[in-house]
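Chemist: give me a 3D structure for the following:
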Amino acid sequence: METISPQSYPSFPRMHEGKCRVKGCNCNRFEGMTDLPDERCSNCFHSIEAHTLPVELFNNVRCDKPTILTTPREVYRKKIAIELLTTERTYVKMLMTCLRCYADPLQSCEPPLLPPTLYKSIFLFYRDIVRVNLVFLQSLEDLVEKNQLVSGLSSVFLGTLPYLRVYRMFVGNNSVGLQAVEQAEHMKDVVKLLHHCSKYGYEGETVQPLRSYLILPIQRIPRYNLLLSDFLKHTDRNDPLFEETTALVGSLKSLAKEINDEVKLQDNRRKLLAIKKKFCEGPYHLTLVEAHRYIMREGILFKLSKTKPKKRYFYLFNDILVYGRMQLQLFYPNLYLRLNSVHIEDGLQPNTFNLLSPFKSFTVICSSIEERNTWANDLKSAIQKESDKKFSKNIDTVGFDAPLYQPFNEATLCFICKRKFGIICFKYHCERCGFVVCDVCSRNRKIVPPNPVPQRICDFCVRSADKNIEVFKGLRKRSKQERARLALALLE
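Modeler: Numbering: from 1, shown residues only. So this is what the prediction gives:
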């Protein structure tokens, strides 16, 4: 059969749109991929002769090269590389717009409208990001000129990767920068200048608010990660670029995870600072904003005290539980408990649970069973995680929990002598067992750990604590009904 090379058919009439002559192919159009080594149809990937040669000559023609030189994977990778290039151009353009319209005017105005510390907080590491991406964009443009955008993409990225660490430092300062912007927005002269500068964009360019440009770099690394992960999916394992691209995607994923964790940390820090503003410190000083601490749940619950249920506002963090009174959007803390010394048990009612610790024990009353289950599950999860920590310190040194106090309104008789309470028979709480007793049955004073001051305790607790401390410890850890039954059995 006669062989016709691409140089031997320029005199044939070329039909740039026509049915493919290859048997079984239903392609009705021709799209030449002129930037590839040989011109192929991007729809069916058959040679140019199948679309452009007359029908009567096609049976006597075969190609010098294989019929398919490009694959859908190569076409898709090129689309990804082009998308990365175009988005990088837009991204760098927006970074430069921020410098031209906001950063430079605020820095060069006389007299200065922003304090130097405030200006530095807003644009810290921003110019470094601009320099890194300008160099990266220039490297991509050089690849386009050499027609090596696909083959050289991963190597250029690997060379730029160490400098992309500046994004993590920028994200770490982002919350401080946004707070500085919030302060600047309360300065009238600064607001006027920003509004004036926002009108001087290039022709056809819309200038965004300053906050939008400060958030822009946070979204860029995840975008790189998505595009290159897609690029790797369409790279064959036998391709020379596979190992290089795999290493690049792994490094970008770790960097994106670090940035994502930093974003979560900054969001959590903002929440803690907002909660801290509500705190009116009482006798219990608490350093609320810690690097490891985050809020899990907050809400209004009822705490069963010595007299009656009281409305309290609870904050559950991953390591502590704080409760107190909320008045006029201000929080007055009563007490905070570290979760490594706390455990919970079911209450006598379906919507209650008992919270026990060596320092304070009380019954929590929820508005519904669903709310009770939610709070109890979150508490159990936080307690478990806190106790599983390698360096967690268990501060339960007394060996037993503080008592669950019996409410005064539930007691009509003394727990020990069964005298009826009245005008001459007053009610008192035993600080060891929590039951309501009369004055005659609670005249002893002893130290009840961890409180160093002698406390009022009943006669039964004096005998049980002195003679059988193990029974007393077990008694303290049981529910109210079982404690009452055991107490009566011991008295007999």
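Chemist: what strand or helix carries the residue positioned nearest the centre of the chain?
Modeler: Centroid-nearest residue in the chain: Lys264, 3.3 Å away (criterion: C-alpha atoms, centre = their mean). Secondary structure from DSSP states H and E places Lys264 in helix 242-278.
Chemist: following element in sequence after that helix, please.
Modeler: Past helix 242-278, the next helix or strand by DSSP H and E is strand 295-304.
Chemist: what angle separates that following strand from helix 242-278?
Modeler: 30 degrees (axes from the mean of the first three to the mean of the last three C-alpha atoms, to 10 degrees).
Chemist: given the helix or strand following strand 295-304, what are its sheet partners and their directions?
Modeler: Following strand 295-304 in sequence order, the next helix or strand is strand 309-317 (DSSP H and E). In the sheet containing strand 309-317, its partner strands are strand 295-304 (antiparallel), strand 320-327 (antiparallel), by DSSP bridges.
Chemist: make TSV out of these and add mean pLDDT, mean neighbour count and distance to Lys418.
Modeler: The C-beta positions use only the backbone N, C-alpha and C, and glycine is treated the same way. Formatted as TSV, these follow (pLDDT from 0 to 100; neighbours: other C-beta atoms under 10 Å; distance: least, C-beta to C-beta, whole Å):
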stretch	mean pLDDT	mean neighbour count	distance to Lys418
strand 295-304	91	16	24
strand 320-327	90	18	35
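Chemist: can you give me phi and psi for the spatially closest residue to Gly324 that is not a sequence neighbour?
Modeler: Spatial nearest neighbour of Gly324, excluding adjacent residues (C-beta to C-beta, 6 or more residues apart in numbering): Pro333 at 3.9 Å. Dihedral angles of Pro333 (phi, psi; degrees, to the nearest 10) stand at phi -70, psi 140.
Chemist: Pro333 touches Leu286, doesn't it?
Modeler: Yes: between Pro333 and Leu286 there is a contact under C-beta atoms under 8 Å: 6.9 Å.
Chemist: need the pLDDT of the residue nearest to the centre of the chain.
Modeler: Here the pLDDT value assigned to Lys264 is 82.
Chemist: gap between it and Asp319?
Modeler: 17 Å (C-beta to C-beta, to the nearest Å).
Chemist: now do Phe125
Modeler: Going from Phe125 to Asp319 by C-beta to C-beta gives 31 Å.
Chemist: cool, and Ala411?
Modeler: In terms of C-beta to C-beta, Ala411 sits 36 Å off from Asp319.
Chemist: of these two, which one has the most company?
Modeler: Shown here are Ala411 and Asp319; by other C-beta atoms under 10 Å, Asp319 has more neighbours (19 against 15).
Chemist: the more buried one reaches Ser387, doesn't it?
Modeler: No: if you go by C-beta under 8 Å, Asp319 and Ser387 don't touch, sitting 10.7 Å apart.
Chemist: quick one on the thing from earlier: burial measure for the residue nearest to Gly324, as a count.
Modeler: 20.
Chemist: ok so, going back, what is the helix holding Lys264 packed up against?
Modeler: With contacts taken as 3 or more C-beta pairs under 8 Å, 6 or more residues apart in numbering; DSSP states H and E, helix 242-278 sits against helix 153-160, helix 166-184, helix 220-233, strand 295-304, strand 330-338.
Chemist: centre of the chain to the second one, how far?
Modeler: Mean C-alpha position of helix 166-184 versus that of the full chain (C-alpha atoms, centre = their mean, to the nearest Å) differs by 17 Å.
Chemist: one more: the first one?
Modeler: The gap between where helix 153-160 is centred and where its chain is centred comes out at 29 Å by C-alpha atoms, centre = their mean.
Chemist: how about it: buried residues?
Modeler: Residues of helix 153-160 classed as buried: Leu153, Ser154, Ser155, Val156, Phe157, Thr160 (neighbour count, 16 or more other C-beta atoms under 10 Å).
Chemist: count of residues packed around the closest residue to the third one other than its chain neighbours?
Modeler: The reference is to Ser155. Sequence neighbours aside, Glu244 is the residue nearest to Ser155 in space, at 6.6 Å (criterion: C-beta to C-beta, 6+ apart). Glu244 sits with 16 neighbouring residues when counted by other C-beta under 10 Å.
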